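Undergrad: any chance you can model this:
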Amino acid sequence: MFRRAWAFVQTYRAQTRALERIRRERERVERQLEELATAERRNRASEAALGELLKRSTARTRRDAVETSKIDAKTSELTETLAEASMKHVRETMATLEAAAKAQARTSADAVTREFESGLKEKEKRKER
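TA: Model (predicted):
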């Protein structure tokens, strides 16, 4: 009878140890499941944040593209205006230089003509003498 009781005690102890191992393993698995659930929640939150960031980034890119096209249009307009003003200035300068050159040419021609006429008059005076 003692042997039988001792065998039950040993079996009970072995079962108790096995049950403790199973409990520890279950606790470890539960902790891992909690960690996985936490990681999954964090992952979902990160994905949502990334999605929101992508939306904002896309919207900002579109706004920047619109602004850039507006800036390009304004730059082109200003460039054309500047080119027109520059050409107008060049034309005015050329007209002024042309008028000055014509006046200079007239003055030079008048001077040459007077010299020539005075030279002719002197020649005639010499002939008369």
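Undergrad: and Arg129, what's its pLDDT?
TA: Predicted confidence (pLDDT) for Arg129: 64.
Undergrad: kindly apply the preceding question to Arg4 instead.
TA: pLDDT recorded at Arg4 is 89.
Undergrad: repeat for the one 3 residues further on
TA: Model confidence at Ala7, expressed as pLDDT, equals 92.
Undergrad: Arg114 too?
TA: Per-residue pLDDT puts Arg114 at 85.
Undergrad: what is the burial count for it?
TA: Arg114: 10 surrounding residues under other CB atoms under 10 Å. Yep, even glycine has a C-beta here, placed from its N, CA and C like the rest.
Undergrad: secondary structure element holding it?
TA: For Arg114, the host element (DSSP states H and E) is helix 2-128.
Undergrad: measure Trp6 to Arg17 for me?
TA: Distance, Trp6 to Arg17, by CB to CB, to the nearest Å: 16 Å.
Undergrad: kindly report the same for Val29.
TA: Taken as CB to CB, the span from Val29 to Arg17 is 19 Å.
Undergrad: next one: Phe2
TA: For Phe2, the distance to Arg17 (CB to CB) stands at 22 Å.
Undergrad: with Leu82 instead?
TA: Taken as CB to CB, the span from Leu82 to Arg17 is 93 Å.
Undergrad: go on, Glu98?
TA: The gap separating Glu98 from Arg17 is 116 Å, by CB to CB.
Undergrad: do Arg3 as well
TA: From Arg3 across to Arg17, the span is 21 Å (CB to CB).
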